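here's a sequence, model it:
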Amino acid sequence: EVRLGRRQDLSVGDWLLFHLGSDADAIRMVADEQLGSPAIRKTAKLWQSVLRGFRDRSGLTDRQVWNRLKDGGCDHHLLTVRNWLSDEDMIAPRDAHDHELEIIANVTRDGELRDRMIECDAAIREVWGAHLTASHHLAVKVVERVARSLSQRAVTSDTGLLEIDPSVVVARLDEIEPGT
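Numbers count the residues shown, from 1 in each chain. Next up, the predicted model:
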């Protein structure tokens, strides 16, 4: 299984997948190739742009935004809303299509989000689908490459990295520095 994880969830022995020469993660890189147009991701992230704009224009703190969302029917924790506001890699709230987009549109009173809610929801589903497909695609490539290397008893490289594509490598986490 290839999944996007957080730094604090890493353990010694985990395998990490890297996209070389870019700040983008490997799953996103493959997903973006599959999506074709950056406009799809931009449409999917309209909710986030609206929420950030609402916070900034209104001079609100993240806690104040959370309180307004809570008053509007949002049942997520403050840390979740902070993550929505700060995480550039966030595609959408987990329950975006159920009710979160509507709550954000109502609380922010944003006409564009209201008018494009169905389009935004469809783009979110498309981006999520592309990430799922990309994750599966990369997992298959990793398993094939590892199996081939093990069957050949080959040393992967001088650096200990296993090349999956010319721009994608896998490395095993040997140690974690305390306090990071």
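
and Gly129, how close does it get to His136?
For Gly129, the distance to His136 equals 11 Å [CB to CB, to the nearest Å]. Every C-beta, even on glycine, is put in place using the N, C-alpha and C of the backbone.

how about Ala92?
Separation of Ala92 from His136 (CB to CB) stands at 20 Å.

next one: Arg145
15 Å.

higher neighbour count, those two?
Remark: of Arg145 and His136, Arg145 carries more neighbours, 17 against 14, as counted by other CB atoms under 10 Å.

can you confirm that one is in a strand?
No - Arg145: not assigned to a strand; according to DSSP: H, G, I helix; E, B strand; the rest coil it is helix.

now do the helices in the protein.
26-35, 38-44, 46-58, 62-71, 78-86, 101-108, 111-115, 117-152 (DSSP state H).

those helices into CSV, with extra columns for distance to Phe18?
Shown next, in CSV, are the helices of the chain (distance: least, CB to CB, whole Å):
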stretch, distance to Phe18
helix 26-35, 6
helix 38-44, 21
helix 46-58, 25
helix 62-71, 31
helix 78-86, 23
helix 101-108, 33
helix 111-115, 35
helix 117-152, 11
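
make CSV out of the ones you listed and add distance to Asp174 and mean pLDDT.
What follows is those, written out as CSV (distance: least, CB to CB, whole Å; pLDDT from 0 to 100):
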stretch, distance to Asp174, mean pLDDT
helix 26-35, 20, 83
helix 38-44, 34, 93
helix 46-58, 36, 98
helix 62-71, 36, 98
helix 78-86, 29, 95
helix 101-108, 42, 96
helix 111-115, 46, 96
helix 117-152, 17, 82
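
count the neighbours of Leu85 for me.
Residues near Leu85, counting by other CB under 10 Å, number 17.

so it is in contact with Arg55, correct?
Yes - contact status for Leu85 versus Arg55: in contact at 6.4 Å, counting by CB atoms under 8 Å.

shared neighbours of these two, which are they?
Overlap of the contact sets of Leu85 and Arg55 (by CB atoms under 8 Å, 6 or more residues apart in numbering) consists of Asp62, Val65.

report the separation between the closest residue to Ala92 other than its chain neighbours and Ser135.
Distances taken as CB to CB, 6 or more residues apart in numbering put Ile124 closest to Ala92, at 4.3 Å, once the chain neighbours are dropped. Applying CB to CB, the value for Ile124 to Ser135 is 16 Å.
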